[in-house]
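[1] make a model of this:
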Amino acid sequence: MRYGALALSFLDHVASLGLSKATISKYAEYLVTVLRVIDFNPKRASRKDVERVVAWINSQPYKGWTKRDKKLVLKKLIQYAKYGSRDRDTPYPPEVSWIKVRSNYGDTRVTPDAFLTPRTLKSSSRSYFTKLLPRKPPILTVERNRSL
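    I've put the predicted structure just below:
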């Protein structure tokens with residue numbers, strides 16, 4: 001992979017900052033995608049280069065949060081490539097400072113409409129169990145022997 005050494009040193013740097021394993025693995029996953037699209041040296045990136053990558057990310061059928069995360073990884077990677085750090089005290093280079101990383105991509109909270117009502121739950125469980133269990137068991141009748 002092109003710029004694999006940069007990606008590995010970036011992930012080492014991110015780990016040294018104390019970020020969680022989940023965050024590091026997400027960075028690693030999205031770095032692969034970003035580095036496949038990048039056709040320029042991240043250390044010498046121009047705004048036009050970054051705009052092409054952001055345009056590509058925006059054109060993909062990803063959900064809003066995935067696009068946000070991929071743009072954030074791109075922003076942090078260029079920051080690291082140019083300044084050698086991606087902590088909070090390091091400013092963003094002008095090539096990526098224009099990228100706005102929103103955090104409101106829809107309301108992901110569960111609304112009351114999404115909950116099952118007791119009636120819905122009862123009818124769905126009834127239909128489930130009627131499929132799962134056999135119909136009524138046969139009624140056994142015992143005939144008496146009257147001759148006894």
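
[2] where does residue 5 sit, in terms of helix or strand?
    Assigned by DSSP states H and E, residue 5 belongs to helix 4-16.

[3] do me a favour and get the end-to-end distance for stretch 95-113?
    Start-to-end span of stretch 95-113 (Cα to Cα, to the nearest Å) is 44 Å.

[4] the helix holding residue 5: which residues count as buried?
    Going by neighbour count (16 or more other Cβ atoms under 10 Å), the buried part of helix 4-16 is 6, 7, 10, 11, 13, 14. Using the backbone N, CA and C atoms, a C-beta is placed for each residue, glycine as well.

[5] and if you look at stretch 62-80?
    67-80.

[6] can you tell me what sits against it?
    Outside stretch 62-80, the residues within contact range by Cβ atoms under 8 Å, 6 or more residues apart in numbering are 6-7, 10, 13, 26-27, 30-31, 33-34, 42, 45, 50, 53-54, 57-58, 60, 85-86, 90, 92-93, 95-96, 99, 101-103, 105-106.

[7] tell me the mean pLDDT for the helix holding residue 5?
    Summarised as a single mean, pLDDT over helix 4-16 is 95.

[8] one more: stretch 31-44?
    In this model, stretch 31-44 has a mean pLDDT of 95.

[9] need the residues that contact that stretch.
    By Cβ under 8 Å, 6+ apart, stretch 31-44 touches 1-4, 6-7, 10-11, 46, 49, 53, 56-57, 70, 73-74, 77-78, 81-82.

[10] next, the distance between the ends of it.
    Terminal residues of stretch 31-44 lie 18 Å apart, using Cα to Cα.
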